[in-house]
Every structure is written in C-alpha cells, then in structure tokens.
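*Asks:* prediction below, plus the sequence it came from.
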Amino acid sequence: MYPPSAPALQRDFISVTLTLGQGYDGSKRWRRRSCWRKWKQLSRLQRNVILLLSAFLILCGLFSYINMADRWKVLNDRSAEEQKMKPANPPVLPAPQKAETDPEHLPGLLPQKPQRHFRRGPPKLQMRAPDKEPNRRQSQEQAGAKTGKEAASQQEDTAHRQEEALQGTISWRGAVIEPDLGTRLPSRKAAFTPQPSPRPQETPIQTASHNARQQAVINAFRHAWTGYCKFAWGHDELKPVSRSYNEWFGLGLTLIDALDTMWILGLKKEFEESKRWVSNELQFEKDVDVNLFESTIRILGGLLSAYHLSGDKVFLQKAEDFGNRLMPAFQTPSKIPYSDVNIGTGVAHPPRWTSDSTVAEVTSIQLEFRELSRLTGKKKFQEAAEEVTKHVHTLSGKKDGLVPMFINTHSGLFTHLGVFTLGARADSYYEYLLKQWIQGGKKETQLLEDYLEAIEGIKRHLLRKSEPSKLTFVGELAHGRFSSKMDHLVCFLPGTLALGAHHGMTADHMELARELMDTCYQMNNQMDTGLSPEIVHFNMYPQKGHKDVLVKPGDRHNLLRPETVESLFYLYRFTGDRKYQDWGWEILQNFNTYTRVPSGGYSSISNVQDTQNPQPRDKMESFFLGETLKYLYLLFSDDPNVLSLDSYVFNTEAHPLPIWTPA
C-alpha cells in the first residue's frame with residue numbers, strides 16, 4: 001500500500017516524464033527545472049549520499065588517470081631498453097657438425113619464445129646481482145653489461161612478477177606434466193665426432209692435473225657460469241636465451257648447488273666469489289615458501305658438502321640456520337612432513353590441492369638431516385627425519401617392497417594405492433634406503449632389508465624386455481596393469497644397483513645394473529640429438545621397422561638431467577669399462593651441440609628429435625651445474641681416490657657427504 005502522498009508523487013513523475021519529452025525538442029529550461037524539482041524532493045541524507053558518491057568517483061578517475069600515465073611511461077622505457085639490449089645478430093642454430101676446439105665456435109641456439117614451466121614457487125624476490133663480471137670477459141662487454149643496469153631494474157622486476165603470476169605447479173624436480181598426444185618414432189641420428197676442448201688456465205684445488213675430457217667439462221662449466229654471473233647472479237636459475245633469470249625460492253639456488261662442483265673442478269676463484277656471496281648476501285629471514293624436499297637436497301645438501309670439502313664454517317652456520325627453519329614442516333599429526341614451509345614465518349602446509357605429500361619427498365631428506373645432527377650435536381634434525389623412515393617401514397599398502405607414490409600428512413597412510421613406479425614421486429625412496437645404510441656405517445639392518453626387498457619387487461613386477469633389441473627396462477604398475485612407460489629419472493637405478501654391489505650386494509645386482517645402463521644409453525642414442533627425452537615408452541611386441549624406444553610428442557623435452565651420466569660414473573668407477581666414459585663423452589658433446597647458448601649458459605630443449613630446431617626452453621636448471629657436469633667430470637677421472645665411494649656417499653642432488661666411521 002502506498003502512503004497518502006503516493007498518488008501525487010506518481011502523477012508528478014508522469015508529468016515530469018512528459019515534460020522532459022517535450023523539452024527535448026524545444027527549450028532546455030523545462031529540463032533544468034524538472035531536474036531541480038527532483039533534487040529538492042530528495043531528503044538531506046539522500047543528497048549527501050549522492051554528493052559523496054560523486055566525489056568518490058571523481059577521485060577514482062583522477063587516480064586511474066595518474067596510474068595509467070605511469071604504466072605507459074614504464075612500458076615505453078622498457079621497450080626502449082629492450083631495443084637497446086637486443087643483440088644485433090641473434091644466434092642461429094646450424095645443422096649438426098663436429099665440435100670445434102674453441103668453445104665459442106660451438107653451434108648456438110635460436111632464441112624463441114620461452115615455454116612455460118609449470119612449477120610451484122613463491123613470488124619473485126628482490127636480490128639484485130652485484131655489478132661485477134668474470135675476469136675473462138673483455139672490457140667492452142663489461143661496460144655494456146653495466147650500462148643501463150640500474151635503469152632497467154624496475155622494468156625487469158615487473159616483467160618477472162608478471163611471468164611468475166602465470167606459473168602453476170611443478171610435477172617433479174623441474175619436470176612438466178604434458179598431455180598424452182600419441183606416439184611418434186624418432187629418425188636416425190646424424191653422425192657426430194666429438195673433440196676435446198682447450199685446456200683451462202685455472203689451476204685445480206684438489207686434482208693435480210686434468211685430462212682432455214675433464215678440461216672439456218671445465219670449459220662447459222665456465223661457459224654456464226659466465227652466463228649465470230652476467231644475467232642471474234644471486235638468483236635461482238639462469239634463463240640463457242632471454243639473458244635473464246627465474247626465481248623459485250629467491251635463495252641463489254644455482255650458486256649454492258654449484259659450490260662443491262667448483263671445488264671439485266678446481267675453480268678456486270669462482271668458489272671464493274660464491275663463498276663471499278653466501279657469507280654476505282644469503283639470508284633466510286624471508287617471507288617465502290620453500291619445498292621441503294627440493295630445498296633440503298639442493299640448499300642444505302649443498303651447504304653441508306661445501307663445508308666438508310672446504311672446511312669453512314660459514315657453510316655449516318648457514319646450514320644450521322636453514323635446517324632450523326625447515327623443522328616446522330614436521331609438525332603434523334602423523335609426523336609425516338608437509339611439502340612446503342615458510343622459512344620466515346615458520347608456517348608449514350601441504351599443497352593447496354591436497355593434504356598428501358609424495359613418498360619420495362618425505363623419505364629423501366634423511367641423509368642431509370642426519371648429517372646436520374652429527375655436525376651440530378643437535379639430535380632434533382636426525383630424530384625428525386628418521387621418524388618418517390621408521391613410520392613408512394611399518395605401513396601396509398606395499399607390494400613386495402614397492403611403495404605407492406603418495407602419503408597423507410594427517411593419517412600417515414599411503415594413498416592412491418596400487419600404483420607403483422620408480423619414476424617421479426617415488427624414485428629416491430629406494431636410493432635413500434641404500435645410501436642411509438652406507439652413510440651410517442652399514443649398521444641399520446632395517447634399511448638394508450627394505451632395500452633388498454624392494455629390488456626383488458622391481459625384478460618381479462616392473463622388469464620387462466623390449467623389442468627388437470631385448471633391452472631390459474623398468475616399467476610401471478597401476479592396479480595390476482603393466483605400462484611400458486619409463487621416466488629418464490629411473491636411470492638413477494643402474495648407479496644405485498652398482499653402488500650396492502660395491503658394498504656387498506650379490507652379483508646379480510651388478511648384472512642388472514649393466515643391463516639397465518645399456519638401456520639408459522639407448523634412450524639417448526636412439527634420439528636424433530643423442531639426448532634422452534623426459535619419458536619413453538618401450539616397444540614390447542615384434543613390429544617390423546620399429547625401434548625399441550618410442551616417444552610421445554609431449555615427452556620429447558630434455559631438462560639437462562643428470563641421471564644417465566650419474567649411473568655412467570658409478571658403472572665406470574666399479575668396472576673400469578671405458579665404454580661408459582665414451583658414452584658420457586658423446587652426451588657432453590651433444591649438450592654442447594644442441595643446448596649451448598653462445599651468450600652464456602645451457603638451455604633445456606623441447607624436442608630431442610629435431611636436430612634443426614630443438615626448441616630451447618630458456619631455462620638452465622640448477623642441477624645442470626650441481627649434478628650433470630659434476631658427474632661428467634668424475635666419470636672422466638681415472639683416479640678412484642677422487643671422492644672415494646668408500647669415504648663419501650652422494651645425496652640425490654650429487655652433494656657428497658662423509659660416510660660415518662666408528663668413534
């Protein structure tokens with residue numbers, strides 16, 4: 001029901017409407033009068049609200065205008081700076097050819113739009129590189145690198161924030177989950193004749209002399225390190241094609257991962273420069289999430305190894321600080337740690353999409369935490385990590401020693417039962433069973449028993465032969481159904497089996513190691529570039545004209561991974577068979593041919609089956625310096641006393657830690 005004045009108001013409204021219609025053609029006076037009448041009919045409160053809203057909209061318009069003007073200025077400045085820094089003659093990828101002895105004459109890569117790496121990580125942090133360059137750079141390059149560095153700082157950081165806002169989640173140690181797009185066979189690889197690179201000028205710290213192949217590794221490291229120093233100093237990862245950097249944790253990941261590699265290769269100057277950065281610049285008081293597993297094996301492991309090799313206490317001090325900041329991850333109902341922890345606030349949490357952690361992540365941190373306790377005398381690190389191992393030992397859901405890929409942090413039980421793999425999310429569980437037993441002086445029989453049971457489970461359920469060459473490979477099992485899929489990550493297994501045989505396992509472990517090593521080499525050799533894809537499928541049935549190794553389009557990328565050369569190192573160290581050195585030499589030369597970026601660094605590639613355009617992904621993972629080149633250098637050494645495997649055990653990021661001896 002309307003109030004008494006409602007009819008009158010309604011009539012006025014109709015009258016005003018008609019009047020406005022008439023006033024549209026004639027005079028504007030009636031329109032102004034009708035508007036004024038409407039305004040006077042409003043209450044004081046209504047008029048005040050309208051005035052406030054009008055003032056607010058005017059302020060918003062002014063702010064938007066100022067902000068838009070600033071953005072256009074930033075974009076114009078950035079565009080001008082990019083044009084200034086753009087190389088006059090971008091490198092072009094030629095057809096495969098023999099490697100030149102001068103590393104600057106090796107084939108380059110065609111810069112392309114970088115593909116997205118879907119990986120978990122925090123927002124980009126400010127950690128600017130100092131304005132310094134390696135001595136071997138010419139003075140003209142020094143001046144050019146410094147020119148405009150401060151002017152471009154804000155624009156670079158804006159670009160990195162925009163890029164990282166688009167990033168998602170990592171599947172496993174830098175790997176990208178690709179769609180299943182079918183299978184295509186590789187073509188025959190072009191002939192390639194490797195030649196050694198020139199001898200470096202730097203004198204080693206530990207090794208008396210380098211042979212030609214070791215010197216080639218040193219040259220490769222220097223080239224990668226030059227790119228890192230130029231474009232990514234103090235940041236996590238080099239983007240060599242775009243001459244920039246990527247942040248994951250904002251903790252100088254590549255630098256820390258490469259510390260012990262520099263020491264082993266005898267690069268004293270580079271090591272000392274990096275040590276100063278760790279001492280003066282590396283700070284963990286940051287509001288940033290880190291992945292417990294990745295930061296443990298790369299940062300904690302890298303600092304502990306650098307301490308053991310150099311004896312400098314700054315590395316141990318940083319390691320203890322970082323270890324303390326990781327401890328909140330273990331504060332869960334089941335004592336199975338969360339996957340992520342904020343090292344500044346101490347808040348730990350699982351991934352946003354699940355309350356599960358991966359089994360490999362929670363069972364591949366023990367070597368590092370145990371060693372940190374031994375060095376500091378604080379048992380909390382060892383006790384927290386070993387509690388996880390003991391708990392997993394008691395769980396049901398295994399299949400003859402094989403474990404599922406996921407474990408719940410609340411219940412402490414395996415999830416996604418019935419799926420078994422030695423690839424992503426499970427691989428290093430088996431590796432650390434053996435290595436913890438070795439690290440502890442071969443006294444913890446429970447670890448050895450679990451390892452031996454798992455190897456028998458692998459033989460019983462996951463081993464098959466390919467066609468036509470009868471290559472032994474490790475597949476996957478999902479609810480009783482076998483898949484011929486094998487990740488490149490699984491190529492850690494030949495080395496682990498050989499290490500076990502060296503420490504007393506039965507001879508059949510070494511025999512299996514040799515067979516699987518042949519398979520991992522063929523995963524490289526049967527590709528056109530001679531570099532292994534991330535994932536292969538093996539042909540299990542006789543088919544005319546088919547090769548053993550099949551690759552789906554979504555699996556053709558190579559991330560500069562170390563697993564093949566890691567196992568080659570172990571096999572050569574224990575057998576002395578020089579074919580393993582020759583295979584490693586082929587792989588190094590293929591890295592130089594298809595992944596080397598002339599301006600500095602090496603790039604992951606998207607297509608190992610295309611020699612003309614391997615499609616650089618514009619990313620150099622930290623493990624290329626921390627693992628791949630380190631294992632290649634050790635593979636080419638003929639001195640078994642260089643990091644003797646009776647004295648050291650390597651963590652899953654290739655950081656050597658001492659084997660404990662009785663007190």
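*Replies:* Perfect, I can see it now. Numbers count the residues shown, from 1 in each chain.
*Asks:* show the pLDDT at residue 37.
*Replies:* What the model reports as pLDDT for residue 37 is 70.
*Asks:* and if you look at residue 58?
*Replies:* If you check residue 58, the pLDDT there is 85.
*Asks:* likewise the one 3 residues further on?
*Replies:* You'll see residue 61 listed with a pLDDT of 75.
*Asks:* and the contacts of stretch 621-628?
*Replies:* With CB atoms under 8 Å, 6 or more residues apart in numbering as the test, stretch 621-628 has contacts from 173-174, 221, 224-225, 228, 236-237, 253-254, 257-258, 260-261, 298, 302, 559-562, 565-566, 591, 602, 604, 653-655. C-beta: built from backbone N, CA, C; applies to glycine.
*Asks:* so which of those belong to helices?
*Replies:* Among the contacts of stretch 621-628, the members found in helices (DSSP state H) are 221, 224-225, 228, 253-254, 257, 260-261, 302, 565-566, 591.
*Asks:* for these, which one is nearest residue 290?
*Replies:* Within the ones in helices among the contacts of stretch 621-628, the smallest distance to residue 290 is 9.9 Å, found for residue 253 (CB to CB).
*Asks:* so what's the closest one up against?
*Replies:* For residue 253, the contact set (CB under 8 Å, 6+ apart) comprises 236, 237, 298, 299, 622.
*Asks:* can you pull out the helices in the stretch 301-450 of the chain?
*Replies:* Secondary structure of the stretch 301-450 of the chain (DSSP state H, counting those that start in this stretch): helices at 301-310, 313-326, 359-363, 366-376, 380-394, 427-439, 445-461.
*Asks:* who are the packing partners of the third one?
*Replies:* Meaning helix 359-363. Counting contacts by 3 or more CB pairs under 8 Å, 6 or more residues apart in numbering; DSSP states H and E, helix 359-363 packs against helix 292-295, helix 380-394, strand 406-408, helix 427-439.
*Asks:* go again using 6 Å as the cut-off
*Replies:* Applying 3 or more CB pairs under 6 Å, 6 or more residues apart in numbering; DSSP states H and E, one finds that helix 359-363 contacts helix 427-439.
*Asks:* next, the angle from the helix it packs on to helix 366-376.
*Replies:* Interaxial angle, helix 427-439 versus helix 366-376 (axes from the mean of the first three to the mean of the last three CA atoms, to 10 degrees): 40 degrees.
*Asks:* for helix 427-439, give me every contacting residue.
*Replies:* The contact list for helix 427-439, computed with CB atoms under 6 Å, 6 or more residues apart in numbering, reads 359-360, 363-364, 366-367, 403, 444, 447-448, 450-451, 454, 489, 496, 500, 503, 649, 652, 659.
*Asks:* and the contacts of residue 253, which two are furthest apart?
*Replies:* 237 and 299, at 13.5 Å, using CB to CB across the contacts of residue 253.
*Asks:* of those two, which one has the most company?
*Replies:* Remark: of residue 237 and residue 299, residue 299 carries more neighbours, 29 against 23, as counted by other CB atoms under 10 Å.
*Asks:* quick check: the more buried one vs residue 318, distance?
*Replies:* Using CB to CB, to the nearest Å, residue 299 is found at 9 Å from residue 318.
*Asks:* my guess is residue 583 contacts residue 520, does it?
*Replies:* No: counting by CB atoms under 6 Å, residue 583 stays clear of residue 520, with 9.2 Å between them.
*Asks:* tell me which of those two has more neighbours.
*Replies:* Comparing residue 583 with residue 520 by other CB under 10 Å, the one with more neighbours is residue 520, at 29 against 22.
*Asks:* how about the more buried one, nearest residue that isn't a chain neighbour?
*Replies:* Of all residues not flanking residue 520 in the chain, residue 491 sits nearest, at 4.0 Å (CB to CB, 6 or more residues apart in numbering).
*Asks:* residue 214 contacts residue 638, doesn't it?
*Replies:* No: applying CB under 6 Å, one finds residue 214 not in contact with residue 638, separated by 9.6 Å.
*Asks:* shared neighbours of the two, which are they?
*Replies:* When CB under 6 Å, 6+ apart defines a contact, no residue borders residue 214 and residue 638 alike.
*Asks:* just give the closest residue to residue 419, not the sequence neighbours.
*Replies:* Leaving aside its sequence neighbours, residue 419 sits nearest to residue 478 (CB to CB, 6+ apart; 4.9 Å).
*Asks:* give me the number of residues near that neighbour?
*Replies:* Counted with other CB under 10 Å, residues neighbouring residue 478 total 13.
*Asks:* just residue 39 next, same as before
*Replies:* Neighbourhood size, residue 39 [other CB under 10 Å]: 11.
*Asks:* also residue 639?
*Replies:* 12.
*Asks:* again, but for residue 382
*Replies:* Applying other CB under 10 Å, we find 17 other residues in the vicinity of residue 382.
*Asks:* distance-wise, check it relative to residue 529.
*Replies:* Per CB to CB, residue 382 is found 44 Å from residue 529.
*Asks:* just residue 51 next, same as before
*Replies:* Going from residue 51 to residue 529 by CB to CB gives 71 Å.
*Asks:* those two: who's more crowded?
*Replies:* Using other CB under 10 Å as the criterion, residue 51 and residue 529 rank with residue 529 on top: 26 against 10.
*Asks:* isn't the more buried one right up against residue 607?
*Replies:* No: taking CB under 6 Å as the definition, residue 529 is not a contact partner of residue 607, at 8.2 Å.
*Asks:* ok, now which ones touch residue 504?
*Replies:* Counting by CB under 6 Å, 6+ apart, residue 504 touches no other residue.
*Asks:* and it, which of the three is it?
*Replies:* Here residue 504 is recorded as coil under DSSP: H, G, I helix; E, B strand; the rest coil.
*Asks:* would TSV of the contacts of residue 253 with distance to residue 511 and pLDDT be doable?
*Replies:* Formatted as TSV, the contacts of residue 253 follow (distance: CB to CB, whole Å; pLDDT from 0 to 100):
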residue	distance to residue 511	pLDDT
236	41	98
237	39	98
298	33	98
299	37	98
622	34	98
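*Asks:* would you turn the residues you listed into CSV with distance to residue 545?
*Replies:* What follows is these, written out as CSV (distance: CB to CB, whole Å):
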residue, distance to residue 545
236, 45
237, 41
298, 43
299, 48
622, 41
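*Asks:* taking those residues one by one, which sit in strands?
*Replies:* residue 237 (DSSP state E).
*Asks:* on that earlier part again, the more surrounded of residue 214 and residue 638?
*Replies:* Ranked by neighbour count (other CB under 10 Å), residue 214 and residue 638 place residue 214 first, with 24 against 11.
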